[in-house]
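> build me a model:
(chains A and B)
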Amino acid sequence: MSQVRSKIVLRSRRGMTRVPPRPFAVRKLCQSLVSLILCGVAAVACGQDSILLKGGELLVGNGTHIKNGALLIRDGKIAAAGRRVRAPRGVETVDVSGKVLTPGLIDVWTTLSAAARGGGGRFDARAADNFNRFDTDNLQAALRGGVTTVYLPARGPDGVCGMGSVVRLAGEDPNTRVLESDAALCVAVGLGRGGPLARVKSRAAFRKLWIDAKAYRRAQEDYAEKLTEYEKKLKERAESGEADTDKAKKNADKSKKNDKGKHSAVRPRRRRPPRGGANTAGNEKPKKKNAKDELKKPVEPAIDRNKELLLRALDGAFLVRVEAHRPEDILDVLDVAEEFNLALILEGASGSARLSELLGERKIPVVLPSTRPMLAFTAGLERYARPDTAAILSDAGAAVYLGSGPAGAGRSATRHLALNVAGAVGAGLSARKALQLVTRDAARLLGIDDRVGSLARGMSADVVVWSDQPFAPGARVERVYIAGKEVYSISDSGDDE
Amino acid sequence: MLAALAVLLGGSALLCADEFVISARGLIDAAGKIQDAALVLVRDGKIVRVGGDAPKGVRVAKFPGGVLSPGLIDVRSALGAFGQLSERADARQPGADARAALDRHQPRIAQALRAGVTAFAVLPSDDNLVGGRSAVVRASGADGLPQVLAAGPLALSLSPRVFMPDREPVSRVGALHMLRSLLRAAGDDEDALGQFAAGKLPGIITTPSAADVLAALSLASEFKLKLALIHNDDARKVAAQLAEAHAGVIVGPYDFDATVREATAAGVLERAGVAVAIAGGLPTAAADTLRIGAAVAVHNGMTPAAARRAITITPAKLLGVDSLLGSIQPKHSADLVVFSGDPLDLRSRVIAVFVAGRRINLESNR
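This next block holds a predicted model:
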């Protein structure tokens, strides 16, 4: 015991200058200061990730609404949403009493902030790569309209245009921003100029896409079959040949043993017969029976990336969105979709009101743009549109969705998505489902309803705070959160809007 | 005896048909605000009284959930126009009159009417320096066809479209000089240009850029003109001058894809104290263009009251017909629309339309 003590004493004395011991109180103060600072840091860190929005009316996105509710955001997700929410002490609280909270609105078809038409024939060109996230004015305007997520199509004159993407309107990190880079294969049918012949060609081209894709698959399957056969035959031959080669090996070994040091003219034996079927096991002649059926390796069909993509679409890996307007074009597209069992979504579909029954039966989702048909005659495809198409399709039981649609350069109707929906309600669409259409239903259409589209626990915290019911005239967006971060605030924007 | 009875009955039926009461949940007043509990007495196509009780024995058209609005007015349209609305050969067409271009049987007028547009102005197009007189048209007259109410304001333009290489003027400098000469020469003439120069007839001038606006305003102050300006650009630069000159501005038409710059102009101008009208742009616009335009303006900063005025009373003022149209007041024409809610709320629908006291059949043949 004394030895240990002395050891300790020795250690403490060695190399240490004697410092007068601090008074107990000071020491404790220092300790508590340090712990306080650490706690503070932790609290700040927690506070930045946690926000409680308290007192507002929650419109969950699936039709339910909760008056005087609260929403807790933590780590970019909705931790809790409801009438009573338990929040950690000291969490940053935002009083939203009198306001209305909704999920961020989703625009299921828009060319917002899209650079000039890209793609150029590449099936795998992605709309997300075309998205100009520095187009601040338009993006801010969209946030002011309550929109947080958009689907961007790949557009082109005709045929396959590329892959559409789902993108959020803020977020430094591309992983936060891009929700789905390859959400759907975009195809245009009948959009190009030209007379009836051009339109027929366009429709035929659409069918041919899938026929060719299937032929390509068959060719690949054939090749795979032939290859297995070929390898099987090679194996058989090798096995029968191996019996000879084994003998030859024994001879060679013997000869090796006999000819030590001599360079063996015989190549080292390999278990697998080498390619080409040539028998290099010694200088033995190939058996007579092999000489007759010279085995030819089957030629692998060239890889066609475009067709590979189409095959993935056929297998249901992603949706196929087709923009078509004329009723006859739409009918043809529906036929092709049925024939090849495509997961089809119709875009544009100006003339779809006439096909409401069929669309109701087949339950093909239809995405309508916001542009209203003008009274004057127009040579454009919008001339097939009717102001009440959404209501007619909805009444027939078809799945209708409202998006902004393509717009001129630098323009987009995304910022007025809420007005667009209100207008559709005025034209006959069900008022009850209005908000749901651009939140939960839209998320389902795009396949992102596990992440966004409703104010539910576990969802990404994409939340919009409105001054009033979203569709009431004069309602303003006051705050927007994307992935839990405040990306817009009416007080900060401060412009004389 | 029987004949006398028939005459009496017929007579009283006529009287009954000419006088009736509209009652609704709300009414849009001249300030653009929605007042509660509306009652309007109509006689012989004119509004006699607003408010009070329904007199006995008078038919009441009840709209318990409805909001009564003045009929919507498209202040800048080509609705019903047949053919071109401008003369190519000469940029000065003071004598031209848009009434000549009106095709009363144009079915699109009925479509617009069913959306609540009870009156519209057909303006000569903006590719002439002096385009001629516009026409103010009531969408449905006694015979059910559109009826020209008045020869409207003189149309002028400083748009780049005026400058064609093979005629004068070819530049803005030339254009302003030409306008000044015309106005000085017009003096006290009785024609449209003379009346305009004397400040008796209002004018509507297309001024795309801020510089055009300022040039027009200087012309207006020099000659003491009554001028409304069609301007759709960033209005911040010229808002103060416009307010000072008491000049009205026509913005729009706005659709859902209106740019931020365009759409915020309405609110900017309103806050500066300028009277703003929102154009409809019919027929190259949807039937409900005026309501969409107003809703877009409100979304982008205009107050709801000003937006409701922008598609009713302000157009009437700029067209010089505000003693007859544009607001629900005694002695005004009974051009009324009943909406199922606030007209700015795009969820509301048109329930009933009256033009000069006649109820319009809203069923379409589509």
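> where do the helices sit along the stretch 1-150 of chain A?
A:2-13, A:24-49, A:136-144 (DSSP state H, counting those that start in this stretch).
> again with the stretch 151-300 of chain B
Using DSSP H, counting those that start in this stretch, helices in the stretch 151-300 of chain B cover B:172-186, B:192-197, B:210-223, B:239-244, B:260-271, B:289-299.
> could you list the buried residues of the longest one?
By neighbour count, with 16 or more other Cβ atoms under 10 Å in any protein chain shown as the criterion, the buried positions of helix B:172-186 are B:Arg172, B:Ala175, B:Leu176, B:Met178, B:Leu179, B:Leu182, B:Leu183, B:Ala186. Quick note: C-beta positions are derived from backbone N, CA and C, even for glycine.
> which one of these is nearest to chain A?
For the buried residues of helix B:172-186, the minimum distance to chain A (Cβ to the nearest Cβ) is 26.0 Å, reached by B:Arg172.
> the closest one contacts B:Met178, correct?
No - taking contacts as Cβ atoms under 8 Å, B:Arg172 lies outside contact range of B:Met178: 10.3 Å.
> so which residues on the stretch 351-497 of chain A come close to chain B?
Proximity of the stretch 351-497 of chain A to chain B, by Cβ under 8 Å from any Cβ of the partner chain, involves residues A:370-376, A:386-387, A:404, A:407-408, A:410-413, A:415-416, A:418-420, A:422-423, A:425-426, A:431, A:434, A:471-474, A:496-497.
> give me the domain ranges for chain A.
Domain ranges of chain A: A:46-103+A:456-497, A:105-196+A:304-452, per automatic domain parsing.
> out of those, indicate the one that is most buried.
Mean neighbours per residue, mean count of other Cβ atoms under 10 Å in any protein chain shown, is largest over the domains of chain A for domain A:105-196+A:304-452, with a mean of 21.
> can you give me the distance of B:Lys331 to B:Thr303?
Remark: distance between B:Lys331 and B:Thr303 (Cβ to Cβ, to the nearest Å) = 28 Å.
> any stretches of the chain with poor pLDDT?
No chain in the question, so chain A it is. A:1-23, A:25-26, A:28-48, A:116-121, A:242-293, A:493-497 (pLDDT under 70).
> actually chain B
B:1-17, B:365-366.
> about what we covered before: deepest-packed of the helices of the stretch 151-300 of chain B, please.
helix B:289-299 (a mean of 29).
> CA atoms only: put it into CSV for me.
Presented in CSV, the C-alpha positions along helix B:289-299 are these (Å, rounded to 0.1, in the frame of the first residue of the first chain):
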residue,chain,number,x,y,z
THR,B,289,-60.2,36.1,-68.3
LEU,B,290,-61.3,39.1,-66.3
ARG,B,291,-61.9,37.1,-63.1
ILE,B,292,-58.6,35.2,-63.6
GLY,B,293,-56.8,38.5,-64.2
ALA,B,294,-58.3,40.0,-61.0
ALA,B,295,-57.4,36.9,-59.0
VAL,B,296,-53.9,36.9,-60.3
ALA,B,297,-53.5,40.6,-59.5
VAL,B,298,-54.7,39.9,-55.9
HIS,B,299,-52.3,37.0,-55.5
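> who does the helix or strand just after that helix touch, helix- and strand-wise?
Going down the chain from helix B:289-299, the next helix or strand is helix B:304-310, by DSSP states H and E. If contacts are counted by 3 or more Cβ pairs under 8 Å, 6 or more residues apart in numbering or on different chains; DSSP states H and E, helix B:304-310 sits against helix B:260-271, strand B:276-278, helix B:289-299.
> can we see that at 7 Å?
Contact partners of helix B:304-310 among helices and strands, from 3 or more Cβ pairs under 7 Å, 6 or more residues apart in numbering or on different chains; DSSP states H and E: strand B:276-278, helix B:289-299.
> looking at the ones you listed, which is closest to A:Ala353?
A:Ala353 lies closest to helix B:289-299 among the helices and strands packed on helix B:304-310, at 20.0 Å (Cβ to Cβ).
> and that closest one, does that touch chain A?
Yes - residues of helix B:289-299 contacting chain A under Cβ under 7 Å from any Cβ of the partner chain: B:Ile292, B:Ala295, B:Val296, B:Val298, B:His299.
> what's the closest non-adjacent residue to the residue of the stretch 101-250 of chain B found nearest chain A?
Nearest residue of the stretch 101-250 of chain B to chain A, counting by Cβ to the nearest Cβ: B:Arg108, 4.3 Å away. Nearest non-adjacent residue to B:Arg108, counting by Cβ to Cβ, 6 or more residues apart in numbering or on different chains: A:Leu375, 4.3 Å away.
> for the one you found, give its distance to A:Thr389.
From A:Leu375 across to A:Thr389, the span is 16 Å (Cβ to Cβ).
> A:Pro327 against A:Gly351, yeah?
Yes - the pair A:Pro327 and A:Gly351 qualifies as a contact (Cβ atoms under 7 Å) at a distance of 4.1 Å.
> of all residues in the stretch 201-350 of chain A, which one is closest to chain B?
Residue nearest to chain B within the stretch 201-350 of chain A (Cβ to the nearest Cβ): A:Ser350, separated by 13.3 Å.
> that residue reaches A:Ala385, doesn't it?
Yes - at 3.9 Å, A:Ser350 counts as touching A:Ala385 under the criterion of Cβ under 7 Å.
> is A:Tyr230 located within a helix, as I assumed?
Yes - assigned with DSSP: H, G, I helix; E, B strand; the rest coil, A:Tyr230 falls within a helix.
> neighbours of it, how many?
A total of 15 residues lie near A:Tyr230 under the criterion other Cβ atoms under 10 Å in any protein chain shown.
> ok, B:Pro202 - contacts?
B:Pro153, B:Lys226, B:Ala228, B:Leu318, B:Gly320 (Cβ atoms under 7 Å, 6 or more residues apart in numbering or on different chains).
> could you redo the last one with a cut-off of 8 Å?
B:Pro202 makes contact with B:Pro153, B:Leu154, B:Phe196, B:Lys226, B:Leu227, B:Ala228, B:Leu318, B:Leu319, B:Gly320, according to Cβ atoms under 8 Å, 6 or more residues apart in numbering or on different chains.
> run a quick neighbour tally on the fourth one.
Going back to what we said before, that points to B:Lys226. 20.
> quick check, it in contact with B:Ala198.
No - with contact defined as Cβ under 8 Å, B:Lys226 does not count as touching B:Ala198 (10.0 Å).
> shared neighbours, the two?
With Cβ under 8 Å, 6+ apart as the test, B:Lys226 and B:Ala198 reach no residue in common.
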